[in-house]
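# Turn this into a structure:
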Amino acid sequence: MKIRLIDKPEFTNACGAEQMALDEAVFKEYESAETPEYPITLRFYSFAPAAVTFGYFQKNSTLNNDFIKQNGFETVRRITGGRAVLHHKDLTYSVIIHKSSGFYTDSVLENYKYVADAILCGLSKLSIEGELHPSVRNRGEAAEKPSSAICFDSPSFLEIKVNNKKFCGSAQNKTASCFLQHGTIFFEFDPKLHYLCMTPPDTLKFMDEEMIDDNSKKLKESVCSMDELHCGPQTDFSKLAEALGKGFGEKFSMPLHACGLSKNEEARFKELKETRYMTPKWNILR
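The predicted model follows:
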């Protein structure tokens, strides 16, 4: 068995509608396949222009859509859960794992751990030491509730932390035959830009600049980005993607095979892009 690595240039840096349509196209093909040719498909990509992706169950009204548009960014809804992320100076991964791989379970958390272990293995090749946020609460401890629409304001179960701060956000969609997981690592993190993109105008109108700056500072304190680790320019997108790819290959004991989409995936990708991810019905009204 091999891991398919989709690394075509036209998909590495593309708009939000294309990136999300491509991931769902592969996911849907996996969902209907008994034994796909490649039991795992892996991608590393960025967004051009920058985009805010938000979770399947999240309301578009939790975003500051006017501010997002004014900055030339896009918004697109994911089919994975979780909260909103501004994809700006970051690397996003998507991994789709079929049950035939032997690395699929009925437990969302177990699936998270499979992927997290691969990410941690890849980071170790760059001398980055990460750890997993605990998957269980202590007895009597209340469940953590999201404090905002922003994915990175706090780590969730089994997400990766570095220096005790959230380093890699993640979200998953699981069916009876496969799961899709998205995750993001920042090269640089702009807390105020994130905060303004994901705080709706009805909330901002009650804040002065000092309050916005204070909340942005708190957000910054919860996030670790690559530039804080002095990985800087020498660890660019391609080097991080290469290290993470090695981590997946090592943890899943499968070689990576670089190739593109199947004809069915290509057709489904084009259809989803036009009929779903570029429509207000999906991105706003749902």
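
# where along this protein do the strands fall?
3-6, 13-14, 40-47, 51-54, 74-77, 85-87, 90-98, 131-132, 160-162, 165-174, 178-186, 256-258 (DSSP state E).

# And the second one, what does it pack against?
By that I understand strand 13-14. Here strand 13-14 touches strand 40-47, going by 3 or more CB pairs under 8 Å, 6 or more residues apart in numbering; DSSP states H and E. Just so you know, the C-beta spots here come from the backbone N, C-alpha and C atoms, and that holds for glycine as well.

# any idea of the angle the strand it packs on forms with strand 90-98?
Relative orientation of strand 40-47 versus strand 90-98 (axes from the mean of the first three to the mean of the last three CA atoms, to 10 degrees): 160 degrees.

# In contact with residue 212: list those residues for me.
By CB atoms under 8 Å, 6 or more residues apart in numbering, the contact list for residue 212 reads 192, 195-196, 204.

# From residue 34, how far off is residue 105?
18 Å (CB to CB, to the nearest Å).

# For the contacts of residue 212, give me CSV that also has distance to residue 256.
Output for these, formatted as CSV (distance: CB to CB, whole Å):
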residue, distance to residue 256
192, 38
195, 37
196, 38
204, 44
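
# give me the number of residues near residue 211?
For residue 211, the count of nearby residues is 11 (other CB atoms under 10 Å).

# nope, residue 60 is what I meant
By other CB under 10 Å, the burial measure for residue 60, its neighbour count, is 18.

# Surely it touches residue 281?
No: assessed by CB atoms under 8 Å, residue 60 is found out of contact with residue 281, at 11.3 Å.

# one step back: of residue 105 and residue 34, give the one with the bigger neighbour count.
Ranked by neighbour count (other CB under 10 Å), residue 105 and residue 34 place residue 105 first, with 15 against 8.

# so the more buried one touches residue 113, yeah?
No: using CB under 8 Å, residue 105 is not in contact with residue 113, being 9.3 Å away.

# How about the residue nearest the centre of the chain: what's its closest non-neighbour residue?
Per CA atoms, centre = their mean, the C-alpha nearest to the average position across the chain is that of residue 183, at 2.7 Å. In space, and not counting its chain neighbours, residue 183 is closest to residue 170: 4.2 Å by CB to CB, 6 or more residues apart in numbering.

# Then residue 172?
residue 181 (4.6 Å).

# For residue 168, see how far away the one you found is.
11 Å.

# Could you pull up the residues touching residue 62?
Contacts of residue 62 by CB under 8 Å, 6+ apart are 54, 84, 149, 198, 200.

# list the contacts for residue 65?
Residues in contact with residue 65 (CB under 8 Å, 6+ apart) are residue 75.

# and if you look at residue 213?
Listed by CB under 8 Å, 6+ apart, the contact partners of residue 213 are residue 192.

# How much space separates it from residue 196?
Between residue 213 and residue 196 the computed distance is 11 Å (CB to CB).

# Taking the contacts of residue 212, please make a ChimeraX selection of just the buried ones.
ChimeraX command restricting the contacts of residue 212 to the buried ones, with burial defined by 16 or more other CB atoms under 10 Å:
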select :195,196
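
# That concludes my questions; thank you for your assistance.
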